[in-house]
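*Asks:* just the structure for this:
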Amino acid sequence: MMPDGDITSGNTGDITSGNTRLMTQITRGLHRLDCQNIFNFSTDLRDADSSKMFSWMKSKESDVPHVYGNVVEGLKQVYKDKLYPLEEHYKFHDFHSPALDDPDFDAKPMVLLVGQYSTGKTTFIRYLLEREFPGIRIGPEPTTDRFIAVMHSESEGVIPGNALVMDPKKQFRPLSKFGNAFLNRFQCSQLPSPVLESLTFVDTPGILSGEKQRTARGYDFAGVLEWFAERVDRIILLFDAHKLDISDEFRRGIEALRGNDDKIRIVLNKSDMIDHQQLMRVYGALMWSLGKVINTPEVARVYIGSFWDQPLQYDINRRLFEAEEHDLFADLQSLPRNAALRKLNDLIKRARLAKVHAYIISHLRGQMPSVFGKESKKKELIDNLHKVYEQIQREQQISIGDFPPIERMQEQLKQMDFTKFHNLKPKLIEKVDHMLSVDMQQLMKMVPNEEEVLKIEPSVKGGAFAGVEASPFGAGYGEGAGEGIGEEEWVVSKDKAEYDQIFYSLAPINGKITGANAKKHMVTSKLPNTVLGRIWKLSDIDRDGNLDSEEFALAKHLIKVKLDGHELPTELPSHLVPPSKRDLI
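*Replies:* Numbering: from 1, shown residues only. Sure thing, here's the model as predicted:
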């Protein structure tokens, strides 16, 4: 055994050297830890304050306007660069709507037809196209059992749903999420038609009543309707004059269309099957039924008519049907002109919803505990989601109308893992704010120019639209200011003798009456001065401030037109110009 002193001295040297090595390792570790903390701190500082530190540089960059070739191209670029990153970061597509692709922006305007069975949805499409399309089935029983997109093509054919959602050139790829049960009931019917060069129609299955019908479909019918409603330009709800009841599934379908009220038009079809007294009662019953489902203070616009190519059963309302059809056709013809504006409007709505969604998700993430009690906290947050809405509304100054429906949001949140949500990233919000305040304003300025170009020619041609354009069978043809068009004799001549007696009673000088004398007689019509002023401008063809006998007769004729309930022309039609003045026009 070694002596104690040797043992002490030897251990002391080992311990001293060991302590020195230990202290060195601790010092290095603390140094690395400090460096890591400094790095993390600097990273946090950079992420948190760089936007403020260099805001003067970014403001200069953001002030430089982008140059877009057209509105659609601008919308594509703005969505990809500024809105999509926010949607992806906060799982917007899992909650609300799939991501948008180029075909969503490039697609022609779409018209969605919804209604109960045998209300004339398929017949309405055939009436507009003036021909049948592949896969058409029409009958008094529920015949259309699928969603059919009727689109233009140089050759006729049918594309099944599974193949259709794989086509990158068409906008239907996100529909694959509804599964084979839906895709087996979805198809695209293609055919050459001038109407389809401007519009795409989507026919839907006839809606029945009862819970059994909903479950028998095998897919989320209301969800499919909601998907289409977000993307179409017009939604037409068809009602049969003999079937005004709104079934359970129809009610759910209409509720799925909420948020797109500006796109909805209502058609009371088959109105020729009842006389005018019954029609009045049916119209009132329809408005009462709609008031229970469409919860808006405004009265919905209802078009009354019979949209098929068969003789009218009761033609007493023929003029009403013609006027209503003219208004509906004008609305459909405006869709291509307003397509860019509609897409811009829908993208703005989407951006506002995406911002609110980001605030909700980031708030929920921030309330979650780090380790224990996650499930109980999640349940508490979902149950008190209304308080979350109120807090975000108060802190961010956001309108309550921009928030998603709370019941639906609660159901979706139950399936989510809150720990995978992200905290608020101000840079993404700033990009969307810049998009709404700068990019959208720039694109809005481009919309009127594009609309003016499209106004040069009718935007929808062919089919039923061609049958009423520039023909004697157009709405209002030969009536009002159009009376006498195409006739050799001046239409005012038949009443000119009566008008001449009044003219000479007003003491004309050198064959003309002054404006003051004309006014004394014209005001007896009780028409407003603004209307009489328009009539004066149309009648004073030589612009001398007086009226001769022919000009006075023309003024009397236009007063009669207005009193009969017709509109005055903005410019005097050639057939109304007095014979002696036609060389002045």
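
*Asks:* tell me where the stretch 51-200 of the chain has strands.
*Replies:* Secondary structure of the stretch 51-200 of the chain (DSSP state E, counting those that start in this stretch): strands at 110-115, 147-152, 157-160, 186-191, 200-203.

*Asks:* out of these, nearest to His566?
*Replies:* When these are compared by CB to CB, strand 110-115 sits nearest His566, at 30.2 Å. C-beta coordinates here come from the backbone N, C-alpha and C atoms, glycine included.

*Asks:* which elements pack onto the closest one?
*Replies:* Strand 110-115 is packed against helix 121-129, strand 200-203, helix 221-231, strand 234-240, helix 248-256, with contacts defined by 3 or more CB pairs under 8 Å, 6 or more residues apart in numbering; DSSP states H and E.

*Asks:* which residues of the protein score low on pLDDT?
*Replies:* Applying pLDDT under 70 to the chain flags residues 1-65, 139-144, 209-216, 296-298, 451-458, 467-471, 474-475, 585.

*Asks:* quick one: the strands of the stretch 51-200 of the chain as JSON lines, columns for distance to Val447 too.
*Replies:* Formatted as JSON lines, those follow (distance: least, CB to CB, whole Å):
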{"stretch": "strand 110-115", "distance to Val447": "19"}
{"stretch": "strand 147-152", "distance to Val447": "25"}
{"stretch": "strand 157-160", "distance to Val447": "33"}
{"stretch": "strand 186-191", "distance to Val447": "30"}
{"stretch": "strand 200-203", "distance to Val447": "21"}
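
*Asks:* okay if I get those strands as JSON lines plus mean neighbour count?
*Replies:* As requested, those are arranged in JSON lines below (neighbours: other CB atoms under 10 Å):
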{"stretch": "strand 110-115", "mean neighbour count": "24"}
{"stretch": "strand 147-152", "mean neighbour count": "23"}
{"stretch": "strand 157-160", "mean neighbour count": "15"}
{"stretch": "strand 186-191", "mean neighbour count": "22"}
{"stretch": "strand 200-203", "mean neighbour count": "23"}
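
*Asks:* would you turn the helices and strands packed on strand 110-115 into CSV with distance to His422?
*Replies:* Formatted as CSV, those follow (distance: least, CB to CB, whole Å):
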stretch, distance to His422
helix 121-129, 44
strand 200-203, 36
helix 221-231, 25
strand 234-240, 35
helix 248-256, 30
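
*Asks:* out of these, flag the one nearest Met151.
*Replies:* Of all the helices and strands packed on strand 110-115, strand 200-203 comes closest under CB to CB, at 5.1 Å.

*Asks:* can I get that closest one in CSV, CA atoms only?
*Replies:* Only the C-alpha atoms of strand 200-203 are listed here, as CSV (Å, rounded to 0.1, in the frame of the first residue of the first chain):
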residue,chain,number,x,y,z
THR,A,200,-71.3,27.3,-69.5
PHE,A,201,-74.4,25.8,-68.0
VAL,A,202,-74.4,23.3,-65.0
ASP,A,203,-77.6,21.2,-64.8
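
*Asks:* figure out which of the strands of the stretch 51-200 of the chain is closest to Ser399.
*Replies:* strand 110-115 (27.5 Å).

*Asks:* who does that closest one pair up with?
*Replies:* strand 200-203 (parallel), strand 234-240 (parallel) (DSSP bridges).

*Asks:* how distant is that strand from the center of its chain?
*Replies:* 13 Å (CA atoms, centre = their mean, to the nearest Å).

*Asks:* now for Val561, how many residues are close by?
*Replies:* Here the number of neighbours of Val561 (other CB atoms under 10 Å) works out to 20.

*Asks:* over to Lys343?
*Replies:* Lys343: 23 neighbours (other CB under 10 Å).

*Asks:* check for me that it belongs to a helix.
*Replies:* Yes - the assignment for Lys343 is a helix, going by DSSP: H, G, I helix; E, B strand; the rest coil.

*Asks:* could the strands paired with strand 110-115 go into TSV alongside distance to Glu73?
*Replies:* Shown next, in TSV, are those (distance: least, CB to CB, whole Å):
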stretch	distance to Glu73
strand 200-203	21
strand 234-240	24
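
*Asks:* which of these sits closest to Arg185?
*Replies:* strand 200-203 (11.7 Å).

*Asks:* list of residues touching that closest one?
*Replies:* Strand 200-203 is touched from outside by 107-113, 121-122, 125, 128, 144, 147-152, 228, 232, with contacts defined as CB atoms under 8 Å, 6 or more residues apart in numbering.

*Asks:* the same query, at a cut-off of 7 Å, please.
*Replies:* 108, 110-113, 121-122, 125, 144, 147-151, 228, 232 (CB atoms under 7 Å, 6 or more residues apart in numbering).

*Asks:* any buried residues in stretch 525-545, and which?
*Replies:* For stretch 525-545, a neighbour-count test (16 or more other CB atoms under 10 Å) marks Ser525, Leu527, Leu532, Arg534, Ile535, Trp536, Leu538, Ser539, Asp540, Ile541 as buried.

*Asks:* from these, which ones fall inside strands?
*Replies:* Judged by DSSP state E, strands contain none of the buried residues of stretch 525-545.

*Asks:* closest one of those to Ile361?
*Replies:* The closest of the buried residues of stretch 525-545 to Ile361 turns out to be Arg534 (CB to CB; 57.5 Å).

*Asks:* let me see the contact set for the residue lying closest to the closest one once chain neighbours are set aside.
*Replies:* Spatial nearest neighbour of Arg534, chain neighbours left out: Leu568 (5.8 Å); criterion: CB to CB, 6 or more residues apart in numbering. Contacts for Leu568 were tallied using CB under 7 Å, 6+ apart; they are Ala481, Arg534, Ile535, Leu558, Val561, Lys562.

*Asks:* quick one: which of those residues is nearest Ser370?
*Replies:* Ser370 has its nearest neighbour among these in Arg534, at 74.5 Å by CB to CB.

*Asks:* between the buried residues of stretch 525-545, which sits nearest Lys496?
*Replies:* The nearest member of these to Lys496, counting by CB to CB, is Ser539 at 13.6 Å.

*Asks:* is it true that the closest one touches Ala555?
*Replies:* Yes - judged on CB atoms under 7 Å, Ser539 makes contact with Ala555 at a distance of 3.9 Å.
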